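**Student:** Fold the following, please.
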Amino acid sequence: MEKVVMVGAGNSTAVQEFTLEGFPAVQHLGKVLFLLHLLAYLASVTGNSLIFTIIWADRRLHTPMYFFLSIFSFGECGFISTVIPKLLTIFLSGRQTISFAACFTQAFAFLFLGATIFFLMAVMSLDRYLAICKPLHYPTIMSPRTCILLVTACFSLGFLLMVIPVIKLSQLSFCGPSVIPHFFCDFGPLAKLSCYKTRATEMLFFIFAFFILFASLFVTVIAYSNIVVTIVHLPSAKERKKAFSTCSSHLAVLCLMYSSCVFIYLRPKQMISLDSNREAALVNTVVTPLLNPVIYTLRNKQVHQALRDALSRVKLPTFWRNVSSPP
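**Tutor:** Below you'll find the predicted structure:
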């Protein structure tokens, strides 16, 4: 139920909580959808957490490439955790309300971590460029200090670029209706519920979103253009295959992320369909984070070996060792 408070002596009302519409067309399948999304969420968090843990536990993986991958996996865990738990609540119990403060906190966390992940992807592209095109200078350029500074810059830029439009939007009046036609608090659906014109705030957000996507894509395109040229000129097919294998997983993840985000945030306003936005957002928040651990580890022999070594070091409890030992 919509909660309101009176503002002044007039008939204006201020919304204290919002209602997330979710997926009304399939709400009758709530229990089934809850189970499917719970399994996807657990698999995604487990996969990304496993990558993060293995990289930090195995000294052989203490290189810039794997350092950035571990931070990326950590960011993915936070990114999906801003959205999926509330979606699971909607599917399981039908509780669709969310307080004003919680809604804008969710919107900021989602956009901040999403922007940070795009900057991290650009840094990972730059890292691959230096490793393949400038191998002699790579250890000097990508020092531990440089890696930490780059990661700090990614998080700082993501925070600064997203906190301003979200704060500006939260300071506007919301006097009803309070139903958000989405399964989480995203910037666009929230802006449409404001009592006042939000054109300036929406334009600010669009500029920042465009900058994030364009800047990260620009760095990626330049980096991979040089990588392709370098790989083509490698003398042997074996070297070309090895060089390309270090980039193929990163490219696959880039394609998934950019396609869904461009579809959601950078389309002309008249072309925006709320249902298609929800579907694209579901891909971005459920499918992509689930596939990322698989894509990054499927053809990575070093991660495979580190995982096998970690599993081989896991010892059975004393009780089971005694049971399995012959008398």
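**Student:** Point out where the stretch 1-150 of the chain drops to low pLDDT.
**Tutor:** Within the stretch 1-150 of the chain, the stretches with pLDDT under 70 are 1-14.
**Student:** Tell me which residues touch the nearest residue to residue 26 once chain neighbours are set aside, please.
**Tutor:** Excluding the flanking residues, the one nearest residue 26 by C-beta to C-beta, 6 or more residues apart in numbering is residue 33, at 6.5 Å. (C-beta placed from N, C-alpha, C; glycine too.) For residue 33, the residues meeting the contact criterion (C-beta atoms under 8 Å, 6 or more residues apart in numbering) are 23, 26, 91.
**Student:** Tell me, how many residues neighbour the first one?
**Tutor:** The one in question is residue 23. 18 (other C-beta atoms under 10 Å).
**Student:** my guess is it meets residue 184, correct?
**Tutor:** No. Residue 23 is not in contact with residue 184 according to C-beta atoms under 8 Å; the separation is 11.7 Å.
**Student:** ok, which stretches of the stretch 1-150 of the chain are strands?
**Tutor:** Under the criterion DSSP state E, counting those that start in this stretch, the stretch 1-150 of the chain contains strands at 4-6, 13-15, 17-20, 97-99.
**Student:** what's the third one packed up against?
**Tutor:** With contacts defined as 3 or more C-beta pairs under 8 Å, 6 or more residues apart in numbering; DSSP states H and E, strand 17-20 has these neighbours: strand 97-99, helix 100-133, strand 179-180.
**Student:** same thing but at 7 Å, please
**Tutor:** The helices and strands touching strand 17-20, judged by 3 or more C-beta pairs under 7 Å, 6 or more residues apart in numbering; DSSP states H and E, are strand 97-99, strand 179-180.
**Student:** ok, and which of those strands has the densest surroundings?
**Tutor:** strand 179-180 (a mean of 18; mean count of other C-beta atoms under 10 Å).
**Student:** so can I have JSON lines of the helices and strands packed on strand 17-20 showing distance to residue 119?
**Tutor:** Shown next, in JSON lines, are the helices and strands packed on strand 17-20 (distance: least, C-beta to C-beta, whole Å):
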{"stretch": "strand 97-99", "distance to residue 119": "28"}
{"stretch": "strand 179-180", "distance to residue 119": "27"}
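**Student:** Let me know which of those is the nearest to residue 108.
**Tutor:** Closest approach to residue 108 among the helices and strands packed on strand 17-20 is made by strand 97-99 (13.5 Å; C-beta to C-beta).
**Student:** so what does the closest one touch, helix or strand wise?
**Tutor:** Contact partners of strand 97-99 among helices and strands, from 3+ C-beta pairs under 7 Å, 6+ apart: strand 17-20.
**Student:** and if we set it to 10 Å?
**Tutor:** With contacts taken as 3 or more C-beta pairs under 10 Å, 6 or more residues apart in numbering; DSSP states H and E, strand 97-99 sits against strand 17-20, helix 84-93, helix 100-133.
**Student:** what packs against the second one?
**Tutor:** What that stands for is helix 84-93. Applying 3+ C-beta pairs under 10 Å, 6+ apart, one finds that helix 84-93 contacts strand 17-20, helix 30-57, strand 97-99, helix 100-133.
**Student:** For those, give me JSON lines that also has distance to residue 81.
**Tutor:** JSON lines is the format used below for those (distance: least, C-beta to C-beta, whole Å):
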{"stretch": "strand 17-20", "distance to residue 81": "16"}
{"stretch": "helix 30-57", "distance to residue 81": "7"}
{"stretch": "strand 97-99", "distance to residue 81": "15"}
{"stretch": "helix 100-133", "distance to residue 81": "9"}
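**Student:** before we move on, the earlier item: identify the contacts common to residue 23 and residue 184.
**Tutor:** Overlap of the contact sets of residue 23 and residue 184 (by C-beta atoms under 10 Å, 6 or more residues apart in numbering) consists of 87, 90, 278.
**Student:** helix or strand for the last one, which one?
**Tutor:** Secondary structure from DSSP states H and E places residue 278 in helix 274-282.
**Student:** model confidence over that helix, on average?
**Tutor:** Helix 274-282 carries an average pLDDT of 68.
**Student:** ok now the helix or strand that it is followed by, how far from the chain's centre?
**Tutor:** Following helix 274-282 in sequence order, the next helix or strand is helix 288-298 (DSSP H and E). In this view, helix 288-298 has its centroid 12 Å away from the chain centroid, taken as C-alpha atoms, centre = their mean, to the nearest Å.
**Student:** what helices or strands is helix 288-298 leaning on?
**Tutor:** helix 30-57, helix 64-81, helix 100-133, helix 237-265, helix 301-313.
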